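1. with the input below, show me the fold.
(chains A and B)
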There are 2 protein chains.
Amino acid sequence: LISERSKCSLRLKTITDLLNHGMTSRRKEIEKKIESCPTFSNTPNANLSRLELHSRALAKHIKMMEIAQQLKISLNDCTSPEFVMLVQAVNDDLPTLLHWGMFMPNIKCLCDDEQREKWLPLCSDCRVVGCYAQTEMGHGSNVRALETTAAYDNATKSFTINTPTLTSTKFWPGSLGKSANTAMVIAQLIDSTGANRGVHNFIVPIRDYCTHEPLPGVTVGDIGSKLGYNKMDNGYLKLQNVVIPKENMAMRFSKINEFGVYEKINLDDATSKISYITMMQVRAQIVAMASQALAQACTISIRYSAVRVQGFDKTGKKEKQIIDYVQQQHRLFGYLASSYAFFFSGRRIMENLKSIERGIIDKTRSVSKNQIGDLHASLSTLKAFCSTVAAEGIENCRRACGGHGYLVASGLPELLTTYQQNPTVEGDNYMLPQQTAKVLLKLLQAILSGDDSASVEWAGCDAFYFVEGIKEQSQDPPPIPINNPEAAIDTTLLLKILKRRSSQILIEVGTSINEGLDDGAELSEVWNDSLIQIARVSNAHAAVLLMQSFDDFLKSNELTGEELIAMRQLACLFGLMVVERDAGDFHDILDKAGIDHVRKAVLLVLKKIRPNAVGLVDAFDFSDFRLKSVLGRYDGEVYEHLMKSCEADMMNRQEVIQPVVSLGGLGLTSRL
Amino acid sequence: LISERSKCSLRLKTITDLLNHGMTSRRKEIEKKIESCPTFSNTPNANLSRLELHSRALAKHIKMMEIAQQLKISLNDCTSPEFVMLVQAVNDDLPTLLHWGMFMPNIKCLCDDEQREKWLPLCSDCRVVGCYAQTEMGHGSNVRALETTAAYDNATKSFTINTPTLTSTKFWPGSLGKSANTAMVIAQLIDSTGANRGVHNFIVPIRDYCTHEPLPGVTVGDIGSKLGYNKMDNGYLKLQNVVIPKENMAMRFSKINEFGVYEKINLDDATSKISYITMMQVRAQIVAMASQALAQACTISIRYSAVRVQGFDKTGKKEKQIIDYVQQQHRLFGYLASSYAFFFSGRRIMENLKSIERGIIDKTRSVSKNQIGDLHASLSTLKAFCSTVAAEGIENCRRACGGHGYLVASGLPELLTTYQQNPTVEGDNYMLPQQTAKVLLKLLQAILSGDDSASVEWAGCDAFYFVEGIKEQSQDPPPIPINNPEAAIDTTLLLKILKRRSSQILIEVGTSINEGLDDGAELSEVWNDSLIQIARVSNAHAAVLLMQSFDDFLKSNELTGEELIAMRQLACLFGLMVVERDAGDFHDILDKAGIDHVRKAVLLVLKKIRPNAVGLVDAFDFSDFRLKSVLGRYDGEVYEHLMKSCEADMMNRQEVIQPVVSLGGLGLTSRL
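-> The predicted structure is shown next:
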């Protein structure tokens, strides 16, 4: 790796600072504190049972609160950069993460002032440890179908909560199984007249605040081993006639008034959207996390690919570094580019989200319904796209390490299996494209209707490019010419190509839905038949957003010189590989020669990136502690540490494992 | 599921018999025997440590030998249908599998008669338990680079074996870590003159045959936890001056003669190829296993998709079965079709392989070099294609089960993580396409050279279709017309489309390599630059082979009536989805309207398959014991069994896990 590093002339620190939002030294300070404390040890995971791992992770949580205090890091905002850095430094599944990540934000968002004053201080120092109990065993995305009930009795001024069926058992909430003593329970509110007022949120104590034993009427436990994320106690919860006072209903947007009558509180349009902000924040975090997870996988596999040799070179004597095989570059550098692309989009959309949030709360800027719709569309498509690519990318990075990538010691299995929940959580990646398509089809309709209000109302929105794109399509434009491979290495051109694809597919979907309706089919049926194409629209839109953020960054002068050139190469590779992978979508946007030039351009860019590859993963600046990988070590001493990790495995504590002795047992002599 | 089953009018037993090669009742007999014996219990895996799981798996092995004897199943041929059924019935990782699967076949293949007479009886009753020790820590696919040495000393008529460096530590062999007492060690033979004679195989005892303790000079152990396959003890082995008698060298093809001189034994061309047969057999098995693994994943996810409801239907009251979402069908039925496609190709190529093997051994038919090359090309490409699709398919089936698919209790995580070794083992899927391309490029050259010998020499080969295809390409054929979606639902047409793609890409690669060489570049460099396109050739060839086998089956009259119709639908779906996925490859084979018709045809076929979907997975006839899945149960009682599995988890043995009590601990009263 030393010779690799000498090949790279990038000033890595400037890239690291960019990725750390200028807080590199604070991050290092936090990491140093964590790494030097034995409580945070991450070894030897493979030799511990799930119960032991969970207990140890809880102990880490307790220690983390102490360290947060020492370093003056507030635990009250889970989206603050310092909180994120602290959790990333610990780099383990924290069983109480949902307390900070969902329970507290939910109280902040949905409870009224009085409730916040009561609960938030209790949350801050973990006297109350909460979880967010929405999903039921038989009900996920369709929240309206939840079966849990909260029936109001005006005589006692209390709610009685029940999970009346097996399928209504609360199931999956993180931190619910063992850690939380309180649950934010989502239930159908039945008012004192017996009317169902739809789903609402209720704060329900589930365990004794001293002994931590379940309270009467509460059955709670862990849902069992998972593919990954096994230190987290995802839980189940059955409630039988559990009574809570009226004041435990989250009452910012609706309440039971003094006469015992249900009422909704009047809010202006935008403020009522505030409840979406939490969900949007989580999705924005998933985009940022996708970048991080891919960055870790790329660091491990690119460093290892520089250390590992295989196959004789042309002299027939020395073996080649596997990173010099074009196909290894092709399978890895694309994900490296994606990791950077996700970073820029994640950063941009988080800023956008915060600005809109401030606008709503402080009334500092006006926020339109379209802007919130647009943000929702962008986040839905980016969440789906980025988490799908990251999951696939980690697995491909793992395979790129050959057999050794299959070992837990490589760090990749844990990274992969824990990551694999992301395509499902917070909106399944197969469902989300519908959210995006609904918004984009509305825009399409506005544009096609011919009045120019769309171009005013959607100005500044991510989807604004459709206004021009759809008009262009109506003129049946000729293919975009690419005359040679070099010409394809151009972010402006690539962006143009990607935008044209989006517009084209959106029009196709819109047309086919209208045709279906014209034929007399019902909307639900036509919509169902369009789902596959809807996924294509979403996918195409995501690629534009990612390319656009990357391109905006390149033009921002945040980096200069060689670092800027390296980033431009990554941006081009990202765009080129999208075209290469989805070549079928560009059938009349490029001609066949154009597609061939794109394929060749990929090859050219891979060669340009090659000398900087190790540098570009070094710039992520993951410590060995965080990578937990014998293959991805900074010093490249792969084999020595691989051997040590084998020797420490529990299987080697006994030289002879008994049953084997009785296998043959037919009286052989010791040696044949 | 009862109503699903009533919708399906297929005679499932005829399909099951087909898939069981007519041995359904024998299979059921074996399965019944295994399932009724408590030794073979597969629960509760999640609560046992790796060491406990390994010990239990060893105990299963001992019991399995007993049962094999009772049922009169020979353990001497690991490719016999009965042996395969027995191992599949146990459905666990057998730590000694490599003893049957590689060690014994290797002795049969590479040892001379005398050696076989000595070792095989010892192997049969497991007095000798062997493993195949080729891969080293620093050396995988490039066998010539292995560092282990076997130095011959004529004075003592013995070999001294050494792994002289850390990187030469034998690493990965299955069964090596704890189970085997003997290793087939692949090492560089240094003869008594000091000359290196290349890699050869040596039978090396590594553990005492009575006590099972490692022998002097031997350091052996398990390589640690893996992503999956954790009951298997993949191992490492260091050898320091371990001495074995001369007779322990595998001596069928070369030996040290009575004068202490190394000599190669003269064999005819075809017989010398026999050593490839073992490798080819393993690859053929991987194709068959890919079919099985996908079938299991499809069974679980398709049954669960029929049980699970989510999202209101158009009445707004009842929820829809998720299998009725087109996109769920799209993500699942394609893999169902692939599973069947892999079955037919696996069966065909195994027959082909056996016929060639018999031809070589009994001289009953003449076998040409081209035929062996063709078979090698087919197996390389099918191994890579099928194991890639199966790994991707299991993961997609898992995601199609939503959150519950992430639970170990769904059966999918174990299936997935254990399967994920297959893209890497026995020829990495990124390396194998080169093997295929080498053969196909030779054929291309023969065809382009203009003499007609190619069409004679390659007659009957899988790759024969290139002869016509390449000639057709030279005439620059117009796009293949598809006038409407219905017209695309035609296996003959799809086969024609797929074949044209193969020929086209092969010519492109051949041309670009020649151009590179004409420009004066070195072959190794040109080859490296072509690797990405070479993978496309291999991929295209695999699709043709799979579609061809499927089509041949449809024409074979093995099935008739509705079952034949159902199989034809699956075959069409397989072909259509290849075109849909790789649409960019068909840029001038179909016009844009043609591609659109293909996309619509996919939708039409999905609807046809829908009523039979549960029937088509029932036909695989996996018992609940084998599926190990609460979601995939035959009776559909998903939620009851999901709850039971949670309750049994080790995390729920303690109501309160200690560290959590000290979390808050700031003197709250029991209830707020």
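2. what residues does the stretch 401-550 of chain A put near chain B?
-> A:402-403, A:405-409, A:412-413, A:416-417, A:420-421, A:423-425, A:428-430, A:522, A:524, A:528-529, A:531-533, A:535 (CB under 8 Å from any CB of the partner chain). Just so you know, the C-beta spots here come from the backbone N, C-alpha and C atoms, and that holds for glycine as well.
3. in chain A, where is pLDDT below threshold?
-> Scanning chain A for pLDDT under 70 picks out A:268-272, A:661-672.
4. by residue count, tell me the biggest helix in it.
-> Ranked by number of residues, the top helix in chain A under DSSP state H is helix A:326-362.
5. burial count for the residue nearest to residue A:566 when sequence neighbours are not counted?
-> Closest residue to residue A:566 apart from its sequence neighbours, by CB to CB, 6 or more residues apart in numbering or on different chains: residue A:612 at 5.4 Å. Neighbour count for residue A:612, taken as other CB atoms under 10 Å in any protein chain shown: 24.
6. who's in contact with residue A:612?
-> Under the criterion of CB atoms under 8 Å, 6 or more residues apart in numbering or on different chains, the contact list for residue A:612 reads A:7, A:8, A:10, A:566.
7. can I get the residues you listed in TSV with neighbour count and secondary structure?
-> Output for the contacts of residue A:612, formatted as TSV (neighbours: other CB atoms under 10 Å in any protein chain shown; DSSP: H, G, I helix; E, B strand; the rest coil):
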residue	neighbour count	secondary structure
A:7	13	helix
A:8	18	coil
A:10	20	coil
A:566	23	helix
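8. any idea which of those residues is closest to residue A:234?
-> residue A:566 (40.9 Å; CB to CB).
9. what residues are up against that closest one?
-> Contact analysis of residue A:566 by CB under 8 Å, 6+ apart lists A:10, A:609, A:612, A:616.
10. in strands, which of these appear?
-> Assigned to strands by DSSP state E, none of the contacts of residue A:566 qualify.
11. next, give me the two most distant ones among the residues you listed.
-> The span of these, defined through CB to CB, is set by A:10 and A:609 at 11.3 Å.
12. and for these two, which residues touch both?
-> Joint contacts of residue A:10 and residue A:609 (CB under 8 Å, 6+ apart) are A:566, A:616.
13. could you check how far residue A:181 is from chain B?
-> Per CB to the nearest CB, to the nearest Å, residue A:181 is found 8 Å from chain B.
14. for that residue, phi and psi?
-> Main-chain dihedrals, residue A:181, degrees, to the nearest 10: phi -110, psi 0.
15. with adjacent residues omitted, what lies nearest to it?
-> Among residues not flanking residue A:181 along the chain, residue A:207 sits closest, at 4.0 Å (CB to CB, 6+ apart).
16. residues from the stretch 1-150 of chain A in reach of chain B?
-> By the rule CB under 8 Å from any CB, the part of the stretch 1-150 of chain A lying against chain B is A:46, A:49-51, A:54-55, A:58-59, A:61-62, A:96, A:122, A:125-129, A:135, A:137-142, A:144-145.
17. of those residues, select the buried ones using a PyMOL command.
-> Buried residues within the residues of the stretch 1-150 of chain A next to chain B, by 16 or more other CB atoms under 10 Å in any protein chain shown, are selected in PyMOL with:
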select buried, chain A and resi 46+50+51+54+55+58+59+61+62+96+122+126+127+128+129+135+137+138+139+140+145
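18. and the residues of the stretch 401-550 of chain A next to chain B, which are buried?
-> By 16+ other CB under 10 Å, these give A:402-403, A:405-409, A:412-413, A:416-417, A:420-421, A:423-425, A:428-430, A:528-529, A:531-533, A:535 as buried.
19. please enumerate the helices of the stretch 51-200 of chain A.
-> For the stretch 51-200 of chain A, the helices defined by DSSP state H, counting those that start in this stretch cover A:81-90, A:97-98, A:104-110, A:113-124.
20. identify, out of these, the most deeply packed stretch.
-> helix A:97-98 (a mean of 22; mean count of other CB atoms under 10 Å in any protein chain shown).
21. the closest residue to residue A:246 other than its chain neighbours and residue B:562, how far apart?
-> Distances taken as CB to CB, 6+ apart place residue A:157 nearest to residue A:246, at 4.6 Å, with adjacent residues excluded. Distance of residue A:157 to residue B:562, given as CB to CB, to the nearest Å: 64 Å.
22. go on, residue A:168?
-> 40 Å.
23. go on, residue A:396?
-> Taking CB to CB, one finds residue A:396 at 41 Å from residue B:562.
24. what of residue A:505?
-> Applying CB to CB, the value for residue A:505 to residue B:562 is 37 Å.
25. and those two? Which one has more around it.
-> Taking other CB under 10 Å, residue A:505 and residue B:562 do not tie; residue A:505 has more neighbours (20 against 14).
26. now do the SS call for that one.
-> Following DSSP: H, G, I helix; E, B strand; the rest coil, residue A:505 is assigned to helix.
27. so which residues of the stretch 351-500 of chain A form helices?
-> Using DSSP H, counting those that start in this stretch, the helices of the stretch 351-500 of chain A run over A:369-400, A:412-419, A:432-448, A:453-457, A:465-474, A:491-518.
28. so which of these is nearest residue B:573?
-> Nearest to residue B:573, of all the helices of the stretch 351-500 of chain A, is helix A:491-518, at 20.6 Å by CB to CB.
29. quick revisit: which residues touch the residue nearest to residue A:246?
-> Residues counted as contacts of residue A:157 (CB under 8 Å, 6+ apart) are A:245, A:246, A:260.
30. can you redo these as JSON lines with secondary structure?
-> Conversion of these to JSON lines gives the following (three-state DSSP):
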{"residue": "A:245", "secondary structure": "strand"}
{"residue": "A:246", "secondary structure": "helix"}
{"residue": "A:260", "secondary structure": "coil"}
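31. ok, so of these, who is nearest residue B:283?
-> Of the contacts of residue A:157, the one sitting nearest to residue B:283 (CB to CB) turns out to be residue A:245, at 67.6 Å.
32. the closest one and residue A:161 touch, don't they?
-> No - the pair residue A:245 and residue A:161 does not pass the contact test of CB atoms under 8 Å, sitting 11.8 Å apart.
33. so which of the two has more stuff around it?
-> The neighbour comparison of residue A:245 against residue A:161 (other CB under 10 Å) goes to residue A:161, with 23 against 12.
34. distance of the more buried one from chain B?
-> Using CB to the nearest CB, residue A:161 is found at 15 Å from chain B.
35. just checking, that residue touches residue A:242?
-> Yes - shown here, residue A:161 and residue A:242 form a contact pair, counting by CB under 8 Å, at 4.7 Å.
36. so what sits against both of these two?
-> Counting by CB under 8 Å, 6+ apart, the residues touching both residue A:161 and residue A:242 are residue A:204.
37. that older thread, specify the angle between the longest helix of chain A and helix A:369-400 in degrees.
-> Here helix A:326-362 runs at an angle of 150 degrees relative to helix A:369-400 (axes from the mean of the first three to the mean of the last three CA atoms, to 10 degrees).
38. tell me what helix A:326-362 is packed against?
-> On a contact count with 3 or more CB pairs under 8 Å, 6 or more residues apart in numbering or on different chains; DSSP states H and E, helix A:326-362 meets helix A:269-272, helix A:274-307, helix A:369-400, helix A:523-554, helix A:561-581, helix A:592-609, helix A:613-618, helix B:523-554.
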